[in-house]
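Participant: Give me a model of this one.
(chains A and B)
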Amino acid sequence: MTYFLQQSLNALQLGSIYALIALGYTMVYGILRMINFAHGDLFMVGAFFCFIIATFGKLTFVPTLLLSMFGVGLLGVTIERLAYKPLRKAPRVSAVITALGVGIFLENLTLVFFPYPQHVPSLLPNITWTIGGVTISSLQVIIILLSVGLMLLLDYIVRRTMVGMAMRAISWDKVIVPLMGVPVNLVISITFFIGTSLGAAAGVMYSQAFPVVDPYMGILIGWKAFISAVVGGIGNVRGAMIGGFILGAVEIMVAAFLPSTYRDFVAFTLLLVLLIFRPYGILGKPQPQKV
Amino acid sequence: MSTQKNQKSSWRNILKQRWDTLMNNRWILPVLLGIGFLLSFLIPRFNLLNPYVQLIMMYVGINIIMTTSLNLINGYMGEFSVGHAGFMAVGAYAAALLTMYVWPAHLVSWLFPVTVIVGGIAAALAGMIVAIPSFRTRGDYLAIVTLAFNMIVKSVIENIEAIGGPRGIPGIDKLTTMPWVFFWTILALWVMRNFMYSNYGRGVLSIREDEIASDLMSVNTRQVKVLVFLVSSFFAGIGGALFGHLLQFISPRVFDIIKSTDFLIMVYLGGIGSIAGSVLGATIYTVLLELLRPLQVWRFVLMPLMLVFLMLYRPRGIMGLRELRWFIPGYELLATRRVRKDKEVADAAPSS
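Facilitator: Residues are numbered from 1 along each chain as shown, chains lettered A, B, ... in the order given. Next up, the predicted model:
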């Protein structure tokens, strides 16, 4: 039982990181109907920002987190302006391929500067408590609380503020909404900023939990976060959070109770089974197809 | 002034007519293919090119097979499959195991065509499995299915100790030679071209344009989808079998998402819905990566940038929905040309 509780805590930690990245995918998808495949690499850039700022700037955790989120957010907006905006009218697939290209570009540009995996200095106090046999580290608690806080903040922004209303309106209809005086480009930029900075926050926390960063770390985690976004129903903000936690839980539990090499196999088979029974994800609504 | 212009244009017309008659000659293609096949024997026999160039040529051939077969799903059917390396892995492993453990050692090179075909069939069976979820899901959800398929294949191979597990299979006999690559490439192109211009191929195109409408027009969409996945994964398996016997070493890490992404880039670089585009895309991508080798790490920075710029200025890729005349069966030539003038296919995106 204590083992199970211990693993649940780990699952929450991994799940919150997946959920934060999945939010970036789902927000961009909701507003542009485009899969931003560069998002996993923006997560990696966030982790590297953390490494650079912590190593050379010698800042504490909070400024590092804020600076990384801000920097990567700006990077995301720049990418959107330069690479995706001209393609809004083009076939959807070209934008996806552009995103893939941007992702590979980011990976290899980082590789040029940091050819070897780097060790990130620890910025958070790592105190461990043992409660009833379960070991809880302060790092885990901070990561979980911080990401849940960020998710609640995002949920508030999307559901309760004017910007959030504009986002939902644009994802509803892109033709009429500009006529109502909504600055579409600005709102899309804000969406990208929020989405990518959440990814960067996940990157910073990941680099604190697993303190080695390398330029290719974003690929697998990015794809997995994308999977969690789809499991939750892509385009749906709450779905992405649920999906992230589900994938984290499945991965940790499989590794805990079965040989750890079965992790990917079981996780993805479950995903396939889920997609067969709920083809539009957990919270996604089936879109009626018309001729 | 005007006469000069007329003269010039007539000059050009005559040249164009000559060129057209030459290219439309029914013997030109067999002759060229024969020369190519002969060359594929002569080049390795007398070392006309250095071995490195020969190796690259063979990789180009394999990549052409892979790209064209992926184009069948992504370009012609308008789905978004991101796990093509998974099919390749199945084919490569099936073929490598046959060569290593099943066939008697002295017959290995004679049985190579059978080996390759078995690799293709194994991959086609895997393709059937992926085709089943595609009845219900489309677009991004099917992309996830194929992605998961790729990861499952990788994970399964890693967990079976009998076939090497994560270490892979080293020391496969080098049976892939240039004539074989040439033969399989041409065969794959020929079969896929004929498939696309058959009745089934028309069904595939109609699924891309509108699935429900084509269903209403009595296209058996399930059958067509299964067929497309079968053909595509069959040739991916053949590509994998050739690849394994060329590299002489396969491991699950070779066939991961990065490999699938490579093929995706080749398809969209060349242009969707075009066999000539796939040939061009695979060739250009493979050769360019080799040519840029002096730049070392920077080539992987430069290459995606070039891709992004290509997409910005030519969102449909190099050939996008157009076709070289040799890849169109003759009598279709005029008809397609006339239709294309009226109507450019508005959008070949997976779902509108």
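Participant: So for B:Trp326, what's the pLDDT?
Facilitator: On pLDDT, B:Trp326 comes in at 68.
Participant: How many residues are close by the residue lying closest to B:Leu312 once chain neighbours are set aside?
Facilitator: Closest residue to B:Leu312 apart from its sequence neighbours, by CB to CB, 6 or more residues apart in numbering or on different chains: A:Pro86 at 5.4 Å. Quick note: C-beta positions are derived from backbone N, CA and C, even for glycine. A:Pro86 has 16 neighbouring residues, counting by other CB atoms under 10 Å in any protein chain shown.
Participant: Does A:Pro86 touch B:Arg314 like I think?
Facilitator: No - look at A:Pro86 against B:Arg314 with CB atoms under 8 Å: they stay out of range, at 11.7 Å.
Participant: in what helix or strand does A:Gly103 lie?
Facilitator: helix A:92-113 (DSSP states H and E).
Participant: And that helix, what's buried?
Facilitator: A:92-111 (16 or more other CB atoms under 10 Å in any protein chain shown).
Participant: Only the buried residues of the longest helix belonging to chain A, if you could.
Facilitator: For chain A, the helix with the greatest residue count under DSSP state H is helix A:2-32. Residues of helix A:2-32 classed as buried: A:6-32 (neighbour count, 16+ other CB under 10 Å).
Participant: now swap in stretch A:69-76 and tell me
Facilitator: A:Met69, A:Gly71, A:Val72, A:Gly73, A:Leu75, A:Gly76.
Participant: I'd like the average pLDDT over stretch B:260-273.
Facilitator: Throughout stretch B:260-273, pLDDT has a mean value of 88.
Participant: And the helices in chain B?
Facilitator: B:2-24, B:28-46, B:51-71, B:84-97, B:112-131, B:140-159, B:178-196, B:199-209, B:211-216, B:221-247, B:257-270, B:275-291, B:298-313, B:332-342.
Participant: Show me what the fourth one is packed against.
Facilitator: Read that as helix B:84-97. helix B:51-71, helix B:112-131, helix B:140-159, strand B:169-170, helix B:221-247, strand B:249-250, helix B:257-270 (3 or more CB pairs under 8 Å, 6 or more residues apart in numbering or on different chains; DSSP states H and E).
Participant: again, 6 Å this time
Facilitator: Counting contacts by 3 or more CB pairs under 6 Å, 6 or more residues apart in numbering or on different chains; DSSP states H and E, helix B:84-97 is packed against helix B:112-131, helix B:140-159, helix B:221-247, helix B:257-270.
Participant: That one relative to helix B:51-71, how many degrees between them?
Facilitator: Orientation of helix B:84-97 against helix B:51-71 (axes from the mean of the first three to the mean of the last three CA atoms, to 10 degrees) gives an angle of 120 degrees.
Participant: before we move on, what about the fifth one?
Facilitator: Direction vectors for helix B:112-131 and helix B:51-71, defined by the same axes, to 10 degrees, enclose an angle of 40 degrees.
Participant: Report the mean per-residue pLDDT for helix B:112-131.
Facilitator: 92.
Participant: What are the contacting residues of it?
Facilitator: Helix B:112-131 is contacted by residues B:87, B:90-91, B:94-95, B:98-99, B:149, B:175, B:225-226, B:229-230, B:233-234, B:236-238, B:241 when judged by CB atoms under 6 Å, 6 or more residues apart in numbering or on different chains.
Participant: Check the fourth one too.
Facilitator: Surrounding helix B:84-97, the residues in contact under the criterion CB under 6 Å, 6+ apart are B:70, B:115, B:118-120, B:122-123, B:126, B:149-150, B:153, B:169, B:172, B:233, B:236-237, B:239-241, B:243-244, B:250, B:255, B:259-260, B:263.
Participant: Figure out how far that helix is from the centre of its chain.
Facilitator: The chain centroid and the centroid of helix B:84-97 are separated by 15 Å under CA atoms, centre = their mean, to the nearest Å.
Participant: dump the residue contacts of the nearest residue to B:Ile152 once chain neighbours are set aside.
Facilitator: Spatial nearest neighbour of B:Ile152, chain neighbours left out: A:Phe268 (5.0 Å); criterion: CB to CB, 6+ apart. For A:Phe268, the contacting residues are B:Ala148, B:Met151, B:Ile152, by CB under 6 Å, 6+ apart.
Participant: Get me the contact residues on the stretch 151-300 of chain B for chain A.
Facilitator: B:Met151, B:Ile152, B:Ser155, B:Asn159, B:Ile212, B:Ala213, B:Tyr268, B:Val297, B:Phe300 (CB under 6 Å from any CB of the partner chain).
Participant: Now that we have the residues you listed, which of them are buried?
Facilitator: Buried, going by 16+ other CB under 10 Å: B:Met151, B:Ile152, B:Ser155, B:Asn159, B:Tyr268, B:Phe300, out of these.
Participant: Check those residues and tell me the two furthest apart.
Facilitator: Within those, two members stand farthest from each other by CB to CB: B:Asn159 and B:Tyr268, at 32.9 Å.
Participant: who in the stretch 151-291 of chain A is up against chain B?
Facilitator: Contact residues, the stretch 151-291 of chain A versus chain B (CB under 6 Å from any CB): A:227, A:230, A:234, A:261, A:264-265, A:268, A:271-272, A:276, A:279, A:289, A:291.
Participant: Restricted to helices, list these.
Facilitator: If you go by DSSP H, these have A:Ile227, A:Val230, A:Asp264, A:Phe265, A:Phe268, A:Leu271, A:Leu272, A:Ile276 in helices.
Participant: Just put those residues in a markdown table and tack on pLDDT.
Facilitator: Listed next are these as a markdown table, based on pLDDT from 0 to 100:
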| residue | pLDDT |
| --- | --- |
| A:Ile227 | 86 |
| A:Val230 | 85 |
| A:Asp264 | 80 |
| A:Phe265 | 83 |
| A:Phe268 | 82 |
| A:Leu271 | 79 |
| A:Leu272 | 80 |
| A:Ile276 | 77 |
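Participant: so which of those residues would you say is closest to B:Pro30?
Facilitator: Distances from B:Pro30 to these, taken as CB to CB, are shortest for A:Leu272 (45.7 Å).
Participant: what residues are up against the closest one?
Facilitator: A:Leu272 makes contact with B:Ala148, according to CB under 6 Å, 6+ apart.
Participant: With A:Leu14 as the reference, measure out to it.
Facilitator: A:Leu272 is 21 Å from A:Leu14, where distance means CB to CB, to the nearest Å.
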